[in-house]
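J.: from the sequence below, what's the structure:
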Amino acid sequence: MNEKGVVFFPDPYLEATPGDWGIDDYTDVFFKTEDGVRLHGWFVDAPDKRAVLLWFHGNAGNISHRLENLKLLHEALHIPIFIFDYREYGLSEGNISKKGTFFDAEGAFKYLTSEKEFSKKQILLFGRSLGTALAAYLASKYRCLGIVLEAAFTSTDDMMQLYFPSGIPFQTSATKYDTMSLIHRIKDPILFLHGEYDYTIPVSMAEKLYRKVLGLKKFFLVRGADHNNTYIVGGKNYFEVWKDFLNSCFSISRKNICEADDGEIVPGGGK
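T.: Residues are numbered from 1 along each chain as shown. Prediction:
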């Protein structure tokens, strides 16, 4: 089942580039997924190479519609950011599907570890809206630096029930997004961000996920914000929360490495 126009709203036209927003140190990146689809993204460099942010965007538009947010986050964190488009979005090839987005997420993660030579424990995963399901999937599978979930939803089934309470009037694909079933597996720190007046994905969904987290976690409710304007309405406080979380992840990572040197735990978290 192709859910384009129902779940996914891809736009093939890039409206601008990071350079148009004064971000000069960026590279156009093309990489292939395991199933052979060629994807496009931007790697925005920065002086602090201790970490890299891997960004999974929402279900509409393309990476060019995130440029204001990208610029402000890049200026706040001072670490490299890799933002890419799922298949059929922007300059990425292929046909969008839930199953395909999992290949896309794995491909972007692999690009950072193989081509850019970052370790998994240097990658800070950032998912927004639909992208939270993909970020959570990777975090449940691999140890990373940390994960930021903004406007997180519990599962595809819950979203469908929310929007179609009388029954879904069309066929959906067998592949599901189900963060609720994965969240307890994530062992690295999690930051939840959510707009107070988000009626697209109610804050109650993120709160349910938050309660199920077993490890280190933080929840920041952006007062007065809706689904799309958290970084604008949140302003300075929003980015301070980001910076504090990143610094906390660095501290935890250093502590784990030191303990590993003492023979207590391995950097990846195993005994």
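J.: now Tyr111, nearest residue through space, not along the chain?
T.: The spatially closest residue to Tyr111, leaving aside those adjacent along the chain, is Phe31, at 4.5 Å (C-beta to C-beta, 6 or more residues apart in numbering). All C-beta atoms are positioned from the backbone trio N, CA, C, and that covers glycine.
J.: is that neighbour in a helix, a strand, or coil?
T.: strand (DSSP: H, G, I helix; E, B strand; the rest coil).
J.: OK, contacts around it?
T.: If you count contacts by C-beta atoms under 8 Å, 6 or more residues apart in numbering, Phe31 has them with 38-39, 41, 84, 107-108, 110-111, 115.
J.: export those to JSON lines and tack on distance to Ile96?
T.: As requested, the contacts of Phe31 are arranged in JSON lines below (distance: C-beta to C-beta, whole Å):
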{"residue": "Arg38", "distance to Ile96": "14"}
{"residue": "Leu39", "distance to Ile96": "12"}
{"residue": "Gly41", "distance to Ile96": "16"}
{"residue": "Phe84", "distance to Ile96": "14"}
{"residue": "Gly107", "distance to Ile96": "14"}
{"residue": "Ala108", "distance to Ile96": "15"}
{"residue": "Lys110", "distance to Ile96": "20"}
{"residue": "Tyr111", "distance to Ile96": "19"}
{"residue": "Glu115", "distance to Ile96": "24"}
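J.: off-centre distance for the worst-scoring helix or strand of the chain on mean pLDDT?
T.: Lowest by mean pLDDT, DSSP states H and E among the helices and strands of the chain is helix 230-261, with a mean of 87. Chain-centre distance of helix 230-261: 15 Å, with C-alpha atoms, centre = their mean, to the nearest Å.
J.: counting contacts, what elements does it pack onto?
T.: On a contact count with 3 or more C-beta pairs under 8 Å, 6 or more residues apart in numbering; DSSP states H and E, helix 230-261 meets helix 67-77, strand 146-150, strand 190-195, strand 217-222.
J.: center of this protein, which residue is that?
T.: Gly127 (1.9 Å; C-alpha atoms, centre = their mean).
J.: partners of it in the sheet?
T.: Gly127 forms beta bridges with Phe56, Leu149, as assigned by DSSP bridges.
J.: so it sits against Ile147, correct?
T.: Yes - counting by C-beta atoms under 8 Å, Gly127 does reach Ile147; the two are 7.5 Å apart.
J.: follow-up on the earlier one: filter the contacts of Phe31 to the buried ones?
T.: Neighbour-count burial (16 or more other C-beta atoms under 10 Å) is assigned, among these, to 39, 41, 84, 107-108, 111.
J.: now for those: which two are most distant?
T.: Gly41 and Gly107 (9.8 Å; C-beta to C-beta).
J.: count of residues packed around Ile96?
T.: By the criterion of other C-beta atoms under 10 Å, Ile96 has 22 neighbours.
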